[in-house]
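Participant: Here is my input; please provide its structure:
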Amino acid sequence: MNDTSENNAAAIDIPAEAPTSAHGDGTTDCAVVVLAGGAGTRFWPLSTQDKPKQFLTLLGDRSLLQTGYRLASLIAPSERILVLTNEAFVPLVREQLPDLPHANIVGEPMRRDTAAAICLGALICRERFGDMVMVVLTADHRIAPSEEFARVINSAATAAASCACRPPPNQ
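Facilitator: Model prediction:
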């Protein structure tokens, strides 16, 4: 057995010249769901029930939500980005993301945690955008360098779309 511990990343290395965009703008034919439903309990006292951490400006001049949206916009155009949040936070999302279509801000009536939010996002994406790859991001994580992350995600989405297994329409 060969020891590959020194270069584990080689198995998933994507060359810099790998195609990452079907549109020439860096985005692919995928949809992005940004989960922004935090309740403001884990980052107290900065984060509160009225303003959870995803709406706080902690690093630089953007909130975590704005930073997450910028990352999402490197993957898909705003028309195919959904932000899922608590109904009470819809106005905050609209305020912080004025370029996001209002219809793409989904207010959940009650918290049901991550799996239910992803399922809801998948159902909405399928209904609105058809059969395409869905990328799920969270609004409260910092991912850097964002351009490199987006390049890898776009490449993976392009590959996933080209090899997806689909049953024939009559089944």
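
Participant: Mind giving me the packing neighbours of the lowest-mean-pLDDT helix or strand in the chain?
Facilitator: Here the helix or strand of the chain ranked lowest by mean pLDDT, DSSP states H and E is helix 146-163, holding a mean of 84. Where contact means 3 or more Cβ pairs under 8 Å, 6 or more residues apart in numbering; DSSP states H and E, helix 146-163 is packed against strand 30-36, helix 64-73, strand 133-138. Using the backbone N, CA and C atoms, a C-beta is placed for each residue, glycine as well.

Participant: Name the residues that touch the first one?
Facilitator: Counting by Cβ atoms under 8 Å, 6 or more residues apart in numbering, the neighbours of strand 30-36 from elsewhere in the structure are 54, 65, 68-69, 72, 75-76, 80-85, 89, 93, 114, 117-118, 121-122, 125, 128-129, 132-140, 154, 157, 161.

Participant: Same check on the shortest one?
Facilitator: Residues lying outside strand 133-138 but in contact with it, judged by Cβ under 8 Å, 6+ apart, are 28-36, 68, 71-72, 75-76, 118, 121-122, 125, 143, 153, 157, 160-161, 164.

Participant: Check the longest one too.
Facilitator: Identification of contacts with helix 64-73 by Cβ under 8 Å, 6+ apart yields 32, 34, 36, 53-56, 58-60, 62, 81, 83, 93, 96-97, 100, 135, 137-143, 146, 149-150.

Participant: Give me the ChimeraX select line for the residues you listed, limited to the buried ones.
Facilitator: Buried residues among the contacts of helix 64-73 (16 or more other Cβ atoms under 10 Å), as a ChimeraX selection:
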select :32,34,36,53,54,55,56,81,83,93,96,97,100,135,137,138,139,140,146,150
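
Participant: Type out the PyMOL command that picks the buried ones from the contacts of strand 30-36.
Facilitator: In PyMOL, a selection of the buried entries from those looks like this (16+ other Cβ under 10 Å):
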select buried, resi 54+65+68+69+72+75+76+80+81+82+83+84+85+89+93+117+121+125+129+132+133+134+135+136+137+138+139+140+154+157
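
Participant: Nothing else from me, thank you.
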